[in-house]
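K.L.:
what follows is a protein structure lacking sequence information:
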């Protein structure tokens, strides 16, 4: 553990541990595991770490205090968790709404109060005889842009309080409906009679727990999420990710900086290259005319780089210039 705070700037791609799906999670053991101290040895918490736990561990191991994540994973879920360190924390909001990819195992015949294996079974129903065609027909009703009801045990806030806090107190919770998009839901395997595995590509904000619940209903039974692994966040993949054990070892040798991607890496925005004068003026908050008009759809944002390819910040496109060939741009989030 570093003796003092250090300055690390960049993105760390983490492979968060989670529930393997090979054994059931009892409610009592889940509470015990998640209540362990954040500095407990990694081996004593093989799964059920929250995203906040992961941030706290990397903060303690690295000595870098400013760390944020770009989107939570449920304690049960494993896979990609993108952390922003140092100056990159100023970019968290621009990474949060990227497309996500998951591998999920769904268990038919049993519904839980949390819609996943960490909850208590609240209903059991028989599972009808199924085949691949029947399952795919049910999946097709969930593909595309749909209205999805969030789980009652979720971090969504109502009246300034999370739904899961109210649900844990035994209060009746009416989770909100949300518009989400499932670009792909592909059946990977069916282990008859009651387990199936799907690979999902979806918008940020879509709940795979709710997908599991809704698929059970579409198949004439009930269901819950047995295992979830996030495989992609935008252009980031598991091939870039590091386990917590490896990150701890890298921090112990003081070499975590070698694993950091530079701030701005993988941003889903068009890129503009600015010369030194344009960079200087952007840094002073001035409006700068640029020849390119490329920006990120309705956001009107783009990423700015210097002539050496180093990220400088986020810029916003304003109005077209009078010359009819340029556009006015201004710094939105400047890192220089």
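P.N.:
Good, I have the coordinates. No experiment lies behind these values; they were computed from the predicted model shown.

K.L.:
grab the nearest non-local neighbour of residue 189.
P.N.:
Of all residues beyond its chain neighbours, the one nearest residue 189 is residue 197 (4.4 Å), with distances taken as CB to CB, 6 or more residues apart in numbering. Quick note: C-beta positions are derived from backbone N, CA and C, even for glycine.

K.L.:
likewise residue 237?
P.N.:
With CB to CB, 6+ apart as the criterion, residue 237 has its nearest non-adjacent residue at 6.8 Å, and that residue is residue 231.

K.L.:
pLDDT on the helix or strand containing that neighbour, on average?
P.N.:
Using DSSP states H and E, the secondary-structure element containing residue 231 is strand 223-233. With pLDDT averaged residue by residue, strand 223-233 scores 96.

K.L.:
ok, stretch 262-275 next?
P.N.:
Computed over stretch 262-275, the mean pLDDT rounds to 95.

K.L.:
show me what the strand holding residue 231 is packed against.
P.N.:
Applying 3 or more CB pairs under 8 Å, 6 or more residues apart in numbering; DSSP states H and E, one finds that strand 223-233 makes contact with strand 78-85, strand 100-108, strand 110-112, strand 195-202, helix 208-218.

K.L.:
right, and those - which one's nearest residue 247?
P.N.:
Closest approach to residue 247 among the helices and strands packed on strand 223-233 is made by strand 78-85 (9.6 Å; CB to CB).

K.L.:
tell me the strands beside that closest one, with direction?
P.N.:
Based on DSSP bridges, the strands next to strand 78-85 in the sheet, each with its direction, are strand 10-16 (antiparallel), strand 67-69 (antiparallel), strand 223-233 (parallel).

K.L.:
shouldn't residue 330 be in contact with residue 284?
P.N.:
No: checked against CB atoms under 8 Å, the pair residue 330 and residue 284 is beyond contact range at 10.7 Å.

K.L.:
residue 229 pairs with what?
P.N.:
Bridge pairing for residue 229 - DSSP bridges - gives residue 78, residue 103.

K.L.:
determine the number of other residues adjacent to it.
P.N.:
Here the neighbour count serves as a burial measure; for residue 229 (other CB atoms under 10 Å) it reads 22.

K.L.:
nearest to residue 68, out of the helices and strands packed on strand 223-233?
P.N.:
Checking the helices and strands packed on strand 223-233 against residue 68 by CB to CB gives strand 78-85 as the closest, at 5.1 Å.

K.L.:
relative to strand 100-108, how tilted is that closest one?
P.N.:
For strand 78-85 against strand 100-108, the angle between stretch directions is 150 degrees (axes from the mean of the first three to the mean of the last three CA atoms, to 10 degrees).

K.L.:
centroid-nearest residue for the chain?
P.N.:
residue 71 (3.8 Å; CA atoms, centre = their mean).

K.L.:
returning to what we had before: thought the residue nearest to residue 189 was touching residue 102?
P.N.:
No: under the contact definition of CB under 8 Å, residue 197 does not touch residue 102, with a separation of 10.7 Å.
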